[in-house]
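Build me a model:
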Amino acid sequence: MSEKKKEGFAFNKQNYTYLIAGTALVVIGLMLMSGGGSDDPNKFNPEIFSTRRITVAPICILAGYITVLLGIMKKPKAEQE
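Now for the predicted structure:
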């Protein structure tokens, strides 16, 4: 019972594409979440509770993590020889 082992990389081009896209989504989400601080520490700035920071940015980060996980877990198709 000898099985032929395939030598090569664990990921193919599609896996790396998913990893790069997911990382980009996470970085975009973090950039969306940044800012909103006040120059004067004694003055409250309600901008920190904007929809962009509370809703859009966490959804973007979560989508990025799911995309990265998909890129790691996706099994490359066997190449036709």
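
Count the neighbours of Ala57 for me.
19 (other C-beta atoms under 10 Å). Yep, even glycine has a C-beta here, placed from its N, CA and C like the rest.

Quick one: list the elements packing against the helix or strand in which it is found.
Following DSSP states H and E, one finds Ala57 within helix 57-73. Applying 3 or more C-beta pairs under 8 Å, 6 or more residues apart in numbering; DSSP states H and E, we find helix 57-73 packed against helix 13-33.

For the helix it packs on, the averaged confidence score.
Averaging pLDDT along helix 13-33 gives 96.

Just give me the neighbour total for the nearest residue to Leu25 once chain neighbours are set aside.
Take Leu25 and drop its neighbours on the chain: the residue closest to it by C-beta to C-beta, 6 or more residues apart in numbering is Gly64, 3.1 Å away. The number of residues packed near Gly64 is 20, by other C-beta under 10 Å.

nearest spatial neighbour of Leu19, skipping sequence neighbours?
Gly71 (4.1 Å).

Contacts only, for that neighbour.
Phe11, Asn15, Tyr16, Thr17, Tyr18, Leu19, Ala21, Gly22 (C-beta atoms under 8 Å, 6 or more residues apart in numbering).

So the fifth one versus Thr55, what's the distance?
Look at Tyr18 and Thr55: by C-beta to C-beta, to the nearest Å, they are 24 Å apart.

Just want to know which of those two has more residues nearby.
The residue with more neighbours, out of Tyr18 and Thr55, is Tyr18; 18 against 10, by other C-beta under 10 Å.

thinking the more buried one is in contact with Leu69, fair?
No: when contacts are counted by C-beta atoms under 8 Å, Tyr18 is not listed as touching Leu69 (9.0 Å).

how much space between Ile54 and Lys13?
36 Å.

between these two, who's got more neighbours?
Ile54 (11 against 8).

Mind pulling the model confidence for that one?
Listed pLDDT for Ile54 reads 93.
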